[in-house]
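Visitor: Sequence plus predicted model, see below.
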Amino acid sequence: MVSPNQTSAGMRAEETVLAVLPRTADVRRGRGDVAADLTVNGQPLEIRWIGDGRLGDVRGLLTNRRHRPDVAVARRLSPGARAASSSSARSPSCPN
């Protein structure tokens, strides 16, 4: 079975996160048998590419309460998508 981040979109998301981390960060790529896509300074992270970053893209990600990634990466987030993701991160119902 191919994990979501073994696809080109998943690899793009990982590469984007790697590009913004400080050089001093200890980063390890996940293995196929591990849920985390990257481990940064000992913290496992699940990362998902959400395409164009429209409100619908973010809503689709947020509706899956059991499997929300730690980091969502998009080409650009619309103002509505940014507001929805921001309010979800502060919501007490958010598992993170």
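Guide: Cool, the structure landed. Residues are numbered from 1 along each chain as shown.

Visitor: Strands of this structure, residue ranges please.
Guide: Taking DSSP state E to define them, one finds strands in the chain at 27-29, 38-40, 43-45, 47-49, 71-73.

Visitor: Tell me the gap between stretch 49-64 and the middle of its chain.
Guide: 11 Å (CA atoms, centre = their mean, to the nearest Å).

Visitor: Equivalent analysis for stretch 60-76, please.
Guide: Stretch 60-76 sits 6 Å away from the centroid of its parent chain (CA atoms, centre = their mean).

Visitor: Could I get the average pLDDT for it?
Guide: In this model, stretch 60-76 carries a mean pLDDT of 85.

Visitor: Where does pLDDT dip in this structure?
Guide: Along the chain, the parts satisfying pLDDT under 70 run over 1-6, 32-35, 65, 89-96.

Visitor: how about the closest residue to A84 other than its chain neighbours, what does it touch?
Guide: Take A84 and drop its neighbours on the chain: the residue closest to it by CB to CB, 6 or more residues apart in numbering is V58, 4.9 Å away. C-beta: built from backbone N, CA, C; applies to glycine. Residues near V58 by CB atoms under 8 Å, 6 or more residues apart in numbering: I50, A72, L77, A81, A84, S85.
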